[in-house]
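Colleague: I'll drop the sequence and a predicted model, then ask my questions.
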Amino acid sequence: MLEEKKHSLLVNYLKENTMPEYLIKIGNREDKKTKKMKIFSGCPHDAETEMKQRLEKGEYIISVSNNSFPMGQYRAVRSH
């Protein structure tokens, strides 16, 4: 039990510190409402695939955007 908890904490830590966060906008065909969900994933395709598995009936993905590195924001990269 303790080993499973340690593993779970380690997986969550690695996801938060190594994988980018994606903001996924989801639409609903029935009531025309939208919602936003955040997900950690290695790439946009993986985020979309994982979110498709979580969608409920009548929902569809509108957009997937990288929340960790938004457009228009520059980050300095050290080169050796």
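Modeller: Great, that's in hand.
Colleague: Now do the SS call for residue 38.
Modeller: Secondary structure assignment for residue 38 (DSSP: H, G, I helix; E, B strand; the rest coil): strand.
Colleague: who's in contact with it?
Modeller: With contacts defined as Cβ atoms under 8 Å, 6 or more residues apart in numbering, the neighbours of residue 38 are 21, 22, 23, 24, 67. Every C-beta, even on glycine, is put in place using the N, C-alpha and C of the backbone.
Colleague: what sits against the second one?
Modeller: If I follow you right, that is residue 22. 38, 39, 40, 41, 44, 47, 64, 65, 66, 67.
Colleague: how far is whichever strand or helix holds it from where the chain is centred?
Modeller: Remark: residue 22 resides in strand 21-28, with elements defined by DSSP states H and E. On the basis of Cα atoms, centre = their mean, to the nearest Å, strand 21-28 is displaced by 8 Å from the centre of the chain it belongs to.
Colleague: CA atoms of that strand as CSV?
Modeller: Written as CSV, here are the backbone C-alpha positions of strand 21-28 (Å, rounded to 0.1, in the frame of the first residue of the first chain):
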residue,chain,number,x,y,z
GLU,A,21,0.0,21.4,-19.4
TYR,A,22,-2.6,21.6,-22.1
LEU,A,23,-5.9,23.5,-21.9
ILE,A,24,-8.6,21.7,-23.8
LYS,A,25,-11.9,23.5,-24.7
ILE,A,26,-14.8,21.2,-24.9
GLY,A,27,-18.2,21.9,-26.6
ASN,A,28,-21.6,20.3,-26.0
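Colleague: measure the residue nearest the centre of the chain to residue 20 for me?
Modeller: Among the residues of the chain, the smallest C-alpha distance to the mean C-alpha position (Cα atoms, centre = their mean) belongs to residue 39, namely 2.2 Å. According to Cβ to Cβ, to the nearest Å, residue 39 stands 10 Å off from residue 20.
Colleague: in the protein, which helix or strand is least confident?
Modeller: For the chain, scoring each helix and strand by mean pLDDT, DSSP states H and E identifies helix 2-18 as the least confident one, at a mean of 68.
Colleague: circling back to that earlier point, buried subset of the contacts of residue 22?
Modeller: Judged by neighbour count, with 16 or more other Cβ atoms under 10 Å as the criterion, the buried members of the contacts of residue 22 are 39, 40, 41, 47, 64.
Colleague: I'm done for today, thanks for sticking with me.
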